[in-house]
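*Asks:* Have a look at this prediction, sequence included:
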Amino acid sequence: MRYWLLLALTVLILIPDSTTHGQNTAAADVTYSRDVAPLFNSNCVYCHRPGEVAPFSLMNYKEARPWAKSIRQAVLNRRMPPWQADSQHGSFQGDRMLSRKDLDTIVAWVDGGSREGNPADLPPTPQFAEGWSIGTPDLVLTMAAPYTVPARGTIPWVDLPSNEYVFPEDTWVQAIEIRPGNRAVVHHAIADAEPPADRPNATSGNLHLYSPGLEAIVWKEGYGKLLAKGTRIVFGMHYNAIGKEQTDQTRVGFKFARTPVHTQVNTLVISNNALLVPPMEDTYEAMAAFQFPADARIQAFRPHMHVRGKTATASLILPDGQRRVMLHIPRWDDSWQNYYVLSEPASVPKGAFVEYTGTYDNSPANALNPDPTTPVKYGQQVWEEMHVLYMTWVTINDKNKDDTTPVQIPAVQRTPAGR
């Protein structure tokens, strides 16, 4: 977790480059306008634009050119674009991994002198919606009061109520988006549903999470989450101190279903709360599992660990013992916590298991390890650890039995114009 610390370190490493590299014939043919701008537009500028999470903009040549050498290093190291899933296991919606051809194009551009080329070759400038990416919400809930984030020190996880809104009737929600009030200090934020006590089977707990790399959640027609009459929303907030006192008042927006919903979308947290990572251990393995109570389709995964995380693997185990790796992250990076939506949802029979295994490095070899000499227990803070897999799944019913496409879709404003 510790995203902003890592971001600061990245910025220190990414020293703007104002020099020109030696050119070779092939590299000199590659220009920003014709060859590189389309790649940045498709893969980078969603975050690398003014007002977003990235530390600099790539919206035009003037902004991109000073960072050319750093961009070359970041793509070669596969640190950017942020995408951790191993391509040998599973196919995912919105895969951000650069192809070899695209990577070679960026490297050739830098090695050839990072030339601008003919501005007439530029693709259309990407257009992004201002404000809510889900469009105008039907309901916006705000933290009941601003929260003061101190300049320094450790800030415990805090649960903060929203304004005094109670859902007046059972409501199907089809899109959810959390917008931090102050991105500089919001490490991540969760919108939790708290249904009334007389509705124990109603949707409760984690509805949606904001963290760098995660976007709004939108489900297609026929799918959604049912928030029971009487449900309240609570914000679970993880803040980082940045050396100056700040305030935050985060919001969450909902869009309601316009057409009948036939399938509830389940967000399950598979967790090992008994996790205890021994000291001086460089590859400690932990496991958690879930058994499906009915025939189902797995839609998406999101692993979650902290700075000692090393690898993460989600596997499907069928009742006959067959095992298949659904998602494998060979090099965990706590800075980016993507939601991996399967390109084709996996149909699983009742009784099948999802097994989530992770390895942890609590040794001196881990540069981010605060203290390798002590055991690390499960907890919310960055010096503690978590072993969690968020999984989105739906029960197969008569209405969706032939629907094998993902129920989670990109927010409508996700794709830039000109693509």
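*Replies:* Yes, it's here.

*Asks:* mind listing the strands for the stretch 201-350 of the chain?
*Replies:* 205-210, 217-219, 223-227, 232-239, 246-248, 251-256, 263-264, 266-271, 276-277, 281-291, 296-304, 309-317, 323-329, 340-348 (DSSP state E, counting those that start in this stretch).

*Asks:* Now render those as JSON lines, adding mean pLDDT.
*Replies:* Output for the strands of the stretch 201-350 of the chain, formatted as JSON lines (pLDDT from 0 to 100):
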{"stretch": "strand 205-210", "mean pLDDT": "88"}
{"stretch": "strand 217-219", "mean pLDDT": "93"}
{"stretch": "strand 223-227", "mean pLDDT": "96"}
{"stretch": "strand 232-239", "mean pLDDT": "94"}
{"stretch": "strand 246-248", "mean pLDDT": "96"}
{"stretch": "strand 251-256", "mean pLDDT": "96"}
{"stretch": "strand 263-264", "mean pLDDT": "96"}
{"stretch": "strand 266-271", "mean pLDDT": "93"}
{"stretch": "strand 276-277", "mean pLDDT": "98"}
{"stretch": "strand 281-291", "mean pLDDT": "98"}
{"stretch": "strand 296-304", "mean pLDDT": "95"}
{"stretch": "strand 309-317", "mean pLDDT": "97"}
{"stretch": "strand 323-329", "mean pLDDT": "96"}
{"stretch": "strand 340-348", "mean pLDDT": "95"}
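
*Asks:* Can you show me the helices along the protein?
*Replies:* 3-13, 25-28, 37-43, 61-64, 68-76, 100-111 (DSSP state H).

*Asks:* Mean pLDDT lowest where, among those helices?
*Replies:* Mean pLDDT per stretch puts helix 3-13 lowest among those, at a mean of 40.

*Asks:* State the number of residues packed around D334.
*Replies:* 19 (other CB atoms under 10 Å). All C-beta atoms are positioned from the backbone trio N, CA, C, and that covers glycine.

*Asks:* ok, it touching H306?
*Replies:* Yes - contact criterion CB atoms under 8 Å: D334 and H306 qualify, at 5.9 Å.

*Asks:* Which among the strands of the stretch 201-350 of the chain is found nearest to A197?
*Replies:* With CB to CB as the criterion, A197 lies closest to strand 232-239 of the strands of the stretch 201-350 of the chain, at 11.9 Å.

*Asks:* Could I get the contacting residues of R251?
*Replies:* The neighbourhood of R251, defined by CB atoms under 8 Å, 6 or more residues apart in numbering, consists of V140, L141, T142, M143, I178, R179, G181.

*Asks:* ok, the last one touching Q249?
*Replies:* Yes - counting by CB under 8 Å, Q249 is a contact partner of G181 at 4.1 Å.

*Asks:* Run through the residues that contact K310.
*Replies:* Contacts of K310 by CB under 8 Å, 6+ apart are T283, R331, W332, G358, T359, Y360, D361.

*Asks:* so which of those residues comes closest to D295?
*Replies:* Among these, G358 lies closest to D295 (CB to CB), at 27.6 Å.

*Asks:* Could you count how many residues lie near the closest one?
*Replies:* 28.

*Asks:* Distance-wise, check it relative to A346.
*Replies:* Distance of G358 to A346, given as CB to CB, to the nearest Å: 20 Å.

*Asks:* re the thing from before, mark which of the contacts of K310 are buried, thanks.
*Replies:* For the contacts of K310, a burial check counting by 16 or more other CB atoms under 10 Å picks out W332, G358, T359, Y360, D361.

*Asks:* Just give the number of residues close to the residue lying closest to the second one once chain neighbours are set aside.
*Replies:* Here the nearest residue to G358 in space, its sequence neighbours aside, is A312; by CB to CB, 6 or more residues apart in numbering that works out to 4.8 Å. By other CB under 10 Å, 25 other residues sit near A312.

*Asks:* List the contacts of A312.
*Replies:* Going by CB under 8 Å, 6+ apart, A312 touches P303, M305, L327, H328, I329, W332, Y356, T357, G358, L389.

*Asks:* Also E164?
*Replies:* Residues in contact with E164 (CB under 8 Å, 6+ apart) are A144.

*Asks:* Kindly state the pLDDT recorded for it?
*Replies:* Predicted confidence (pLDDT) for E164: 85.

*Asks:* gap between it and A144?
*Replies:* Counting by CB to CB, the gap from E164 to A144 is 7 Å.

*Asks:* How about V75?
*Replies:* Applying CB to CB to V75 and A144 gives a distance of 43 Å.
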